[in-house]
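A.B. asks: the following comprises the amino acid sequence and a computationally predicted model.
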Amino acid sequence: MKAKNKDTLTIETLAQNLASFAIDRTDLKELISALPKENDLNSNAVEYELGILKILSTGWGISFFMAEDKNKELLTQHFWEMIQEISKNISELAQTTTGIQVNYFDILKERLNIYVKKMQENPDQAINPALIMGPAFAMICGTPDNAAAILTGTKMFTLTLGAVKEYIHSVHIDDIRLN
């Protein structure tokens, strides 16, 4: 039975919408503005890492909330292809403005490896990955014991997953039609 009042989207449109959400900085700015004024955080590093965490969390959200969906693999592929294209643009912009060669997609993969490693090191807490993501985020920011950094990373992870879950469950994916 199809759910009523759900928008029907193609996989490509759904992936595009999720990629746009992943790079949107609105909630990121809100989290930064909520940080205590007196802190030992490098706000530029926190903002940069929050952007990365949001992209990765959006990708994880697809996997978590579409685990049994036949469209998960294709949606994931389209999402990461779009993120790779966006990363290419970010890398080119960084090179143009700073003269430094950067591969943003490689940076995303490096951070993903760090987060996955932390989850593998803490299998008891992997049931609730938010318990791992906040401390891992703070460590990546260079302030492993900073409660504000831990909380900010945890919030970004949980808010992003919640938004992805809500969005995925609010739409219907158009069936793939073979010609």
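C.D. replies: Here it is on my side, so go on.
A.B. asks: can you give me the helices for this protein?
C.D. replies: With DSSP state H applied, the chain shows helices at 11-23, 26-33, 43-65, 72-98, 104-121, 130-140, 147-170, listed in chain order.
A.B. asks: and among these, the most buried is which?
C.D. replies: Using mean count of other Cβ atoms under 10 Å, the stretch among the helices of the chain with the greatest mean number of neighbours is helix 130-140 (a mean of 22). Every C-beta, even on glycine, is put in place using the N, C-alpha and C of the backbone.
A.B. asks: give me the angle between it and helix 104-121.
C.D. replies: Taking axes from the mean of the first three to the mean of the last three Cα atoms, to 10 degrees, one finds helix 130-140 and helix 104-121 inclined to each other by 130 degrees.
A.B. asks: list the contacts of helix 130-140.
C.D. replies: Outside of helix 130-140, the residues that reach it under the criterion Cβ atoms under 8 Å, 6 or more residues apart in numbering are 49-50, 53, 57, 111, 114-115, 118-119, 122, 125-126, 144-146, 149-154, 156-158.
A.B. asks: can you give me the angle it makes with helix 147-170?
C.D. replies: In terms of direction (the same axes, to 10 degrees), helix 130-140 departs from helix 147-170 by 130 degrees.
A.B. asks: what about helix 130-140, average pLDDT?
C.D. replies: Averaged over helix 130-140, pLDDT sits at 95.
A.B. asks: ok now that helix, how far from the chain's centre?
C.D. replies: 14 Å (Cα atoms, centre = their mean, to the nearest Å).
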